[in-house]
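Student: Next one to model:
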Amino acid sequence: MTIRDFLVSLVRTVVPVVAGFLLAAAAKANIDLTAIAEPLVDAVFIGGYYALVRWAESRWTWVGVLLGWKASPSYVEADVVARVDKAGNFLAGPAAAAPTGAVVAHEATVERLVNPVTHP
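Tutor: Numbers count the residues shown, from 1 in each chain. Purely as a prediction, here's the structure:
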């Protein structure tokens, strides 16, 4: 994930929380709620706002602006499975397909681990 994608994911998390909180505050303005009910109302408005905007964004992409950013972050799919076996040997590709201890990595990352001299 790039720095831009990380920042986009943060913005698209924080904006719905703030928007939902403000909507909840407006709804509770003249209502006396118990200490237990108040956070529940906040959570319902925050979750409702996020769910509604995500649904609308799936139909009309421009609605993503209401989450703070028009586009979702992009995540690159990993293409190599790698793991370290019990003897400490680094395995990549089909040799690493065993389910125990396997991790997913990008091919460039695996290349850097296998050949650290050629990839500083």
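
Student: For residue 15, the count of nearby residues, please.
Tutor: Number of residues near residue 15 (other C-beta atoms under 10 Å) recorded here: 18. The way it works is simple: take the backbone N, C-alpha and C, and place the C-beta from them, glycine included.

Student: tell me which helix or strand of this protein sits lowest on mean pLDDT?
Tutor: Between all helices and strands in the chain, the lowest mean by mean pLDDT, DSSP states H and E belongs to strand 103-105, at a mean of 52.

Student: ok, and the closest non-adjacent residue to residue 61?
Tutor: residue 70 (6.9 Å; C-beta to C-beta, 6 or more residues apart in numbering).

Student: Please report the distance of the one you found from residue 57.
Tutor: Per C-beta to C-beta, to the nearest Å, residue 70 is found 9 Å from residue 57.

Student: which SSE is the closest residue to residue 66 other than its chain neighbours in?
Tutor: Once flanking residues are discounted, residue 66 sits nearest to residue 53: 4.7 Å by C-beta to C-beta, 6+ apart. Using DSSP states H and E, residue 53 sits in helix 37-59.

Student: And for the closest residue to residue 14 other than its chain neighbours, the neighbour number?
Tutor: Of all residues not flanking residue 14 in the chain, residue 68 sits nearest, at 6.9 Å (C-beta to C-beta, 6+ apart). Residue 68 has 17 neighbours, counted by other C-beta under 10 Å.
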